[in-house]
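A.B. asks: could you work out the structure for the sequence below:
(chains A and B)
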There are 2 protein chains.
Amino acid sequence: MEAKFQELKNRLLEINDLNSAAALLTWDQTTYMPPGGAPARGRQIATLGKLAHEKFTDPTIGKLLDELTSYEKSLLYDSDEASFLRVTRRDYEKAVKVPAAFIAELFSHAAKTYDIWTKARPANDFTTVRPYLEKTLDLSRKYANFYPGYEHIADPLIDDSDEGMKASTVKKLFAQLREQLVPIVKAITSQPAADDSCLKKNYPEAQQWPFGVEVIKRFGYDFSRGRQDKTHHPYCIKFSLGDVRITTRFKENDLGEGLFSTLHESGHAMYEQGICMDLEGTPLARGTSSGVHESQSRSWENLVGRSRGFWEFFYPKLQQTFPQQLRSVSLDTFYRAINKVERSLIRTDADEVTYNLHVMMRFDFELQMLEGKLAIKDLPEAWRERFKADFGIAPPDDKDGCLQDVHWYGGVIGGVFQGYTLGNILSAQFFETAVKAHPEIKPQIKQGEFATLYRWLKENIYQHGRKYTATELVQKVTGGPMSIEPYIRYLKTKYGELYKL
Amino acid sequence: MEAKFQELKNRLLEINDLNSAAALLTWDQTTYMPPGGAPARGRQIATLGKLAHEKFTDPTIGKLLDELTSYEKSLLYDSDEASFLRVTRRDYEKAVKVPAAFIAELFSHAAKTYDIWTKARPANDFTTVRPYLEKTLDLSRKYANFYPGYEHIADPLIDDSDEGMKASTVKKLFAQLREQLVPIVKAITSQPAADDSCLKKNYPEAQQWPFGVEVIKRFGYDFSRGRQDKTHHPYCIKFSLGDVRITTRFKENDLGEGLFSTLHESGHAMYEQGICMDLEGTPLARGTSSGVHESQSRSWENLVGRSRGFWEFFYPKLQQTFPQQLRSVSLDTFYRAINKVERSLIRTDADEVTYNLHVMMRFDFELQMLEGKLAIKDLPEAWRERFKADFGIAPPDDKDGCLQDVHWYGGVIGGVFQGYTLGNILSAQFFETAVKAHPEIKPQIKQGEFATLYRWLKENIYQHGRKYTATELVQKVTGGPMSIEPYIRYLKTKYGELYKL
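C.D. replies: Residues are numbered from 1 along each chain as shown, chains lettered A, B, ... in the order given. As a prediction, the model looks like this:
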């Protein structure tokens, strides 16, 4: 048994190394690669992905898993070994259902579509990208149909990023949330908008960068096992548990951009850095779902980084860093500015409160498109109408309408948006649990201390990697199922105070 | 036939992609990787290397090559297709002779030895590294013996970097060179040493870097298909023909260090960048041998970059860059300083003239060790004696004696040093041929123009990649065999003038 277990582990390690190498090639592509490297780089990444997929779907993996079934049953459910076998089996059973040729077609189509989109979006040209998106929808449906027996056609796609979640579960949660959110948004936006002009002064990158670094070091992001570079779109990427990097971008006329994206990505990175070293090189060594991952980025960005307590400590330091820009701006004004709520066109620029309405709209569209109830050709108009209904304004064009997000244009349609709002919900649910266990967390944040919060997150969430699904993890950590209540409580308290609701 | 040819090409492309990915992992390891990434990175590089080796030694490759034999015979010798088949066959036949387990042992031993050496060298501790080096010698002999029928046991090792060359050929060339070199060294070193204090002032890195960049851009190094970063040891590395990077290091108290290593590495890089794009992704797409590669780095570093004509153009610019340091230093003084000849302990710091004596000594030791005539335990003493005989001084310790070069401590013993001196010989032979065909080259260099030289090198050497072996290439380009005469003429003219010999 031990020899078979070791063989399986070695094979998975080799696959992990191929995927890690592909990740580094991607990182380099967006950070330091000279333009001449592009054609070969795309092919090299595809080659590594193809080899990893081939090796993972090799029948020997299935055979080893079969032979190890009784061994697995003899182990504790959450032992490293049993978890390794359980998660590997789940991944394997999903992977072998999809032919390699289909995966290759999907990737190649996604790459082509992405290329078209990068030109179509600035040109506000939905027509050109439309046939590509139609094929994407077609491929997304085909993909889902490799997993017959689903309740909703979106389920297999949702399961890829939020394992175990279904369209019906998400719909129910979102409906509850929507019911509570809409009145809050209405109450806030009926008041005069907050003044955020203090964020729009000139903030040189050279001072922005070290300030963000200082903050995330205090959070617990470990620079000896990571680094921060600049890219067009910020992201977090892992090459091993000892090397989890983040990227950022700065706008010199918008202080929030670089700062909050740095805090956001550091949350993703601390999750990955915090995974138990014993899981290194196995499929367990990453965040368990898109929703739980997003809960960590949103916790550090919003629950911590946009809280008043946090800025009681950091605002004097920020004023020292930018004396000219902020000398005469009070903490209250600054705090209101970074928490401005408004009906805006772009999801990625949206505030904490309205953000979820953006996500829900996309989630609903995904379901309708997959169900065949919304045709691609009707998407621009559907977007405008729904946006007007939800936000009271209509996007003036497709560029800032249905062309704005890369997701559908660089992958599949389905399962790609729900994680953002699940993350918001979970961030508050986890945070409330942490604060209940350690009431000193909030006073510590006011002192610029985050060790208790970080340790709690590491112990309760980070270290486990994929040992528990999101559903299992929420139950284990909070003692109950996923719930929107803590998130609503959080929003009502914070924005109730800010807007005297 | 065409389908088989395409299949072989596709397989080789996949192997190329694995090796290119491994190269990027190595580059990142020495440039930007945080320390925490080290353990996994070593393993990831090894995994990619192992997969590439497995895929290349797959019997299907041999079968395809067999089936394509008559097709190859029907093609022109130097057509892309025939060259591809010829070089692939040669590589394949070499690769399959060595068992994969042996390769793995060799790599793992080399990595261990390198680790020990990095600590042993600063500690001047040969004793600790000695058993490792003994095993290296043992493995090097074993490696050679996978290729029975050699004339000298070093031949298979020499063939790995300088294909087609043998110990006997190299020995003969080196003996001729030595006979001519020794009197020149003697004549120069009997005179007072040149004053190079002007290079040892304070030269801030921030000004050194852009100056070097400006020079190599003028040479023809294409930054849209490359970039320059800092590393502990400078090197050149390729990920595709569109992405050939160089690294450098600066010493603020030694202007020569960063500048000449930049010119040196740009020579390697221009060779790789200059390979015909049609060869991309094939085994033909790299420099043909260690000697020819080094001829290019040495040409641009020395024949161009340490010439008087070059500095007639660039010295005023250098003075503008460093006015305080160089205002009162004449061109003549500077030119003598960068061409100072002296009996020094360290190969990598040696001047153009004495450099070859360092190499020859190491080459002779390699042969003696492989022949069993020099035991590892006797290496330190043998080094001291030979050094004293050749240079008139003895190294005070092993650190600056037999521990100084990484080569034996990070790979095999045998075949690793001759390329440096072959490169010097070839640099002059090629350069003389170029100047004969285009007498305007030298006047152009005085104007900071390098286009004619670059074009000649690209057309005659770079574009071919590995289509021709070094021996074939020298014949084709110069109309005769490899010869030391041009190099001796070059040294006698240049140093005859400098030292009024």
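
A.B. asks: domain parsing for chain A?
C.D. replies: Segmentation of chain A into domains, based on automatic domain parsing, reads A:2-96, A:197-343+A:438-468.

A.B. asks: I'd like those laid out as JSON lines, including mean neighbour count and distance to chain B.
C.D. replies: In short, each C-beta sits where N, CA and C put it, glycine included. Putting the domains of chain A into JSON lines (neighbours: other CB atoms under 10 Å in any protein chain shown; distance: least, CB to the nearest CB, whole Å) gives the following:
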{"stretch": "domain A:2-96", "mean neighbour count": "17", "distance to chain B": "3"}
{"stretch": "domain A:197-343+A:438-468", "mean neighbour count": "19", "distance to chain B": "3"}
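
A.B. asks: could I get those as TSV with mean pLDDT?
C.D. replies: Shown next, in TSV, are these (pLDDT from 0 to 100):
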stretch	mean pLDDT
domain A:2-96	96
domain A:197-343+A:438-468	98
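
A.B. asks: let me know which of the ones you listed is the nearest to B:T493.
C.D. replies: Nearest to B:T493, of all the domains of chain A, is domain A:2-96, at 38.6 Å by CB to CB.

A.B. asks: just the terminal-to-terminal distance for the closest one.
C.D. replies: Terminal residues of domain A:2-96 are spaced 25 Å apart (CA to CA, to the nearest Å).

A.B. asks: can I get stretch A:223-236 in PDB? Just the C-alpha atoms.
C.D. replies: Taking only C-alpha atoms (Å, rounded to 0.1, in the frame of the first residue of the first chain), the coordinates of stretch A:223-236 have been written out as PDB:
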ATOM      1  CA  PHE A 223       8.100  38.700   1.600                       C
ATOM      2  CA  SER A 224      10.800  36.000   2.100                       C
ATOM      3  CA  ARG A 225       8.200  33.700   0.500                       C
ATOM      4  CA  GLY A 226       6.800  36.200  -2.100                       C
ATOM      5  CA  ARG A 227       7.300  39.500  -3.900                       C
ATOM      6  CA  GLN A 228       5.300  42.200  -5.400                       C
ATOM      7  CA  ASP A 229       5.600  43.400  -9.100                       C
ATOM      8  CA  LYS A 230       3.600  45.600 -11.400                       C
ATOM      9  CA  THR A 231       1.200  44.300 -14.000                       C
ATOM     10  CA  HIS A 232      -1.700  45.600 -16.000                       C
ATOM     11  CA  HIS A 233      -4.200  43.700 -13.900                       C
ATOM     12  CA  PRO A 234      -3.300  42.800 -10.300                       C
ATOM     13  CA  TYR A 235      -3.300  39.200  -9.300                       C
ATOM     14  CA  CYS A 236      -1.900  36.600  -6.900                       C
END
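
A.B. asks: coming back round to it: B:I425 is nearest to which of the domains of chain A?
C.D. replies: So among these, domain A:2-96 is nearest, using CB to CB, at 32.3 Å.

A.B. asks: to B:I158, which of the domains of chain A lies closest?
C.D. replies: Among those, domain A:2-96 sits nearest to B:I158 (CB to CB), with 31.1 Å.

A.B. asks: now do stretch A:474-482: everything it contacts.
C.D. replies: A:173, A:422, A:425-426, A:429-430, A:433, A:460-461, A:468, A:470-471 (CB atoms under 8 Å, 6 or more residues apart in numbering or on different chains).

A.B. asks: give me that answer again for 10 Å
C.D. replies: A:78, A:165, A:169, A:173, A:291-292, A:295, A:422, A:425-426, A:429-430, A:432-434, A:436-437, A:456-457, A:459-461, A:464, A:467-471, A:473, A:483, A:486 (CB atoms under 10 Å, 6 or more residues apart in numbering or on different chains).

A.B. asks: now swap in stretch A:108-116 and tell me
C.D. replies: Under CB under 10 Å, 6+ apart, the answer for stretch A:108-116 is A:42, A:45-46, A:120, A:125, A:128-133, A:135-136, A:138-139, A:406, A:408-412.

A.B. asks: so which of these are in helices?
C.D. replies: Among the contacts of stretch A:108-116, the ones falling in helices (DSSP state H) are A:42, A:45-46, A:120, A:128-133, A:135-136, A:138-139.

A.B. asks: A:V185: which of those is nearest?
C.D. replies: A:L133 (29.5 Å).

A.B. asks: gap between the closest residue to that closest one other than its chain neighbours and A:Y409?
C.D. replies: Closest residue in space to A:L133, ignoring its immediate chain neighbours: A:I376 at 5.0 Å, by CB to CB, 6 or more residues apart in numbering or on different chains. Counting by CB to CB, to the nearest Å, the separation of A:I376 from A:Y409 is 12 Å.
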